[in-house]
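*Asks:* curious how this folds, go ahead:
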Amino acid sequence: MGSLVALGLVAVLVVYAVSRYNRLISLRERYRNQFAQIDVQLKRRYDLIPNLVETAKGYMKHERETLEAVVEARNQARTAEERAAEDPGGPEVMAALSGAERQLGGMLTRFFALVESYPDLKASENMRQLQEELASTENRISFARQSYNDSVMQYNATRASVPTNVIASTFGFGPAEFFRVESEAERETPRVSFD
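*Replies:* Here you go, the predicted structure:
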């Protein structure tokens, strides 16, 4: 009788451990899926940037350095995004992506400040459409980043809770990294002016 009770207890513990393991898998796949949503929007933005630069080239002939810096920042961000897509939530790749996005955001801010100095460019219908599309994409990125960070928070909280933390460490479920926004300028909704 005692061995049946012990066997029953072991069976309950195994079922519980399997359910916690499956929960961790589910939460990890959720944040990875949320990162895939960010990935789609980042790629959309990266595809818009060369169009913005090409549109501006004809008007901003004396601003070659800025245009090249925007393209270079875009290329670095795209490379960081591709690495992050291979390991969503990995601390190193997420830190690199956050840094590259911060750099790109700074270059875009500088670019749009220069656009303000060129009334003909500012009035260009093509530039207006691209700016609207970029602003819309920035909003989508912001929402996708929030969903991703919420999923990471839930995964990390579950991973750290007792006794799930034992299962997590046994099976190599490491912590996931948030997609952080470091500067206040990045926290603001993009503003597009057509005046």
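*Asks:* so what touches stretch 15-30?
*Replies:* Stretch 15-30 is contacted by residues 89, 151, 154-155, 158-159, 163-164, 167-168, 171, 173, 176 when judged by Cβ atoms under 8 Å, 6 or more residues apart in numbering. In short, each C-beta sits where N, CA and C put it, glycine included.
*Asks:* then stretch 106-119?
*Replies:* So stretch 106-119 is in contact with 49, 52-53, 56, 59-60, 63, 66-67, 69-70, 73-74, 121-122, 127, 131, 185, 193, going by Cβ under 8 Å, 6+ apart.
*Asks:* stretch 164-176 now?
*Replies:* Contacts for stretch 164-176 (Cβ under 8 Å, 6+ apart): 17, 20-21, 23-24, 28, 31, 88-91, 152, 155-156, 158-160.
*Asks:* what's the mean pLDDT across that stretch?
*Replies:* Mean per-residue pLDDT for stretch 164-176: 95.
*Asks:* just the buried residues of that stretch, please?
*Replies:* 164, 167-168, 173, 176 (16 or more other Cβ atoms under 10 Å).
*Asks:* return the distance of the closest residue to residue 163 other than its chain neighbours relative to residue 85.
*Replies:* Closest residue in space to residue 163, ignoring its immediate chain neighbours: residue 20 at 7.4 Å, by Cβ to Cβ, 6 or more residues apart in numbering. Separation of residue 20 from residue 85 (Cβ to Cβ, to the nearest Å) stands at 28 Å.
*Asks:* so for the two, which sits in the more crowded spot?
*Replies:* residue 20 (20 against 17; other Cβ atoms under 10 Å).
*Asks:* can you tell me the helix or strand for that one?
*Replies:* helix 2-57 (DSSP states H and E).
*Asks:* what does residue 162 give?
*Replies:* Applying DSSP H and E, one finds residue 162 in no helix or strand.
*Asks:* circling back: ok, of the contacts of stretch 106-119, which come out buried?
*Replies:* The buried subset of those (16+ other Cβ under 10 Å) comprises 49, 52-53, 56, 59-60, 63, 66-67, 69-70, 73-74, 121-122, 127, 131.
*Asks:* look at residue 59 and give its secondary structure.
*Replies:* Under DSSP: H, G, I helix; E, B strand; the rest coil, the three-state class of residue 59 is coil.
*Asks:* on the pLDDT front, check it for me.
*Replies:* pLDDT at residue 59 comes out at 84.
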